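S.K.: Sequence and predicted structure are below.
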Amino acid sequence: MHPIQRTWSQTRINLMQKCPRAFVLRYGIAAYATKHPTGQMLREYFSIQTPWILMQISIRETIRDYVEDYQIGMKWSKNLIRLKFNQFFRHRVKERNSIISELSAWKDQKSMFHRVKPEQHLEEIGAKRCIKLIQHKSFTHLLNTMTFESISPLKSKIVDGIKVYNSPDFCAEKGETSILIRINLFGYSSIDHINQNAALISLGTEKKTIVQYSWKNGKWFIHKTNVSKKENKSIRQLIRLDSKEMERILKLVGTKNNLEQIPFADSSRSCMHCSVRFLCPAKDRLEEAKGEQMALMC
Ligand code: SF4
């Protein structure tokens, strides 16, 4: 079985729920074709993020850098935080622009992406969010009383034979006490969401106390969760079910990459910011493409 079929992450699940076809194109076809020039190009194409997402990524990078320096006694001023954030953000925008410049095939699609300059208002928003977290009483307290270790966002764990990506940002320790810290840049939808996230983060570790900082409605919210055995069991069950559904969808494609049976998105809103639009017949006409699919299946 291809490894893609035994990999779980929140991003994949979100995408699969929004549009099974986008999921298949993003994580199925492109992954199968990694050794082919088209597959390599697709990978580059998929790595192009919007400036808004790049701002979020830069917030995480700034906080991580700040924590590392803080651990060795270097405390940044507000101006330095702004400067560091801008450096990360500008670097990310530059990287994005250079990928766009090098897109050689799908010339038409090149016009879907435009090179941009780092927008000042995004720099201001990003730096402000960093400052608010760094100066948050609870965050400062943890930094002053515990030892932090950064954890790579690419770190995965094997849960019931499935490779799961959902790592915390930091592990903080003091004597016998240790907690896992996660920064949720995109907020949360409900307390259930927070609890589920905590259960995911705690998988594969003895550390059951999870602290999440989530940006919502203009401020950082903190949730401290102790994951129970029952929650642990139910999250594992959920991962198994999600994983099966991913396999089912990918199997519909078959060896000939036939997408006839793969459903389109429910709403054209999903198509607006879809990163695989250029590969999809529904890119400008979702309802028409759905009708054609229905006709083919009858
Ligand atoms: S363009 Fe719409 S239907 Fe096609 S893959 Fe993207 S989200 Fe799905």
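M.R.: Here it is on my side, so go on.
S.K.: Would you mind measuring from Ala295 to the ligand?
M.R.: When distance is defined by C-beta to the nearest ligand atom, to the nearest Å, Ala295 is 17 Å away from the ligand. Using the backbone N, CA and C atoms, a C-beta is placed for each residue, glycine as well.
S.K.: Which of the helices or strands spans that residue?
M.R.: Take DSSP states H and E as the rule and Ala295 turns out to sit in helix 286-297.
S.K.: try Arg269
M.R.: Arg269 is part of helix 268-272 when elements are defined by DSSP H and E.
S.K.: Report all helices and strands that that helix contacts.
M.R.: helix 286-297 (3 or more C-beta pairs under 8 Å, 6 or more residues apart in numbering; DSSP states H and E).
S.K.: Near the ligand, which residues of the protein? Just list them.
M.R.: By C-beta under 6 Å from any ligand atom, the part of the chain that sits against the ligand consists of 19, 21-22, 25, 264-265, 270-271, 274, 276-277, 280, 282-283, 286.
S.K.: count of residues packed around Asn130?
M.R.: No, residue 130 isn't Asn; it's Cys. By the measure other C-beta atoms under 10 Å, the count of residues near Cys130 is 25.
S.K.: quick one, what contacts it?
M.R.: By C-beta atoms under 8 Å, 6 or more residues apart in numbering, the contact set of Cys130 is 59, 62-63, 66, 81, 85.
S.K.: So it versus the ligand, what's the distance?
M.R.: Applying C-beta to the nearest ligand atom, the value for Cys130 to the ligand is 32 Å.
S.K.: Model confidence at that residue, what's the number?
M.R.: Per-residue pLDDT puts Cys130 at 98.
S.K.: That one: what's its closest spatial neighbour, skipping adjacent residues?
M.R.: For Cys130, ignoring the flanking residues on the chain, the nearest one in space by C-beta to C-beta, 6 or more residues apart in numbering is Thr62 at 4.8 Å.
S.K.: does the one you found sit in a helix or strand, and which one?
M.R.: Assigned by DSSP H and E, Thr62 falls within helix 51-71.
S.K.: now do Ile239
M.R.: helix 229-253.
S.K.: Which strands and helices lie in contact with that helix?
M.R.: Using 3+ C-beta pairs under 8 Å, 6+ apart, the elements in contact with helix 229-253 are strand 7-9, helix 10-18, helix 20-23, strand 162-165, helix 191-202.
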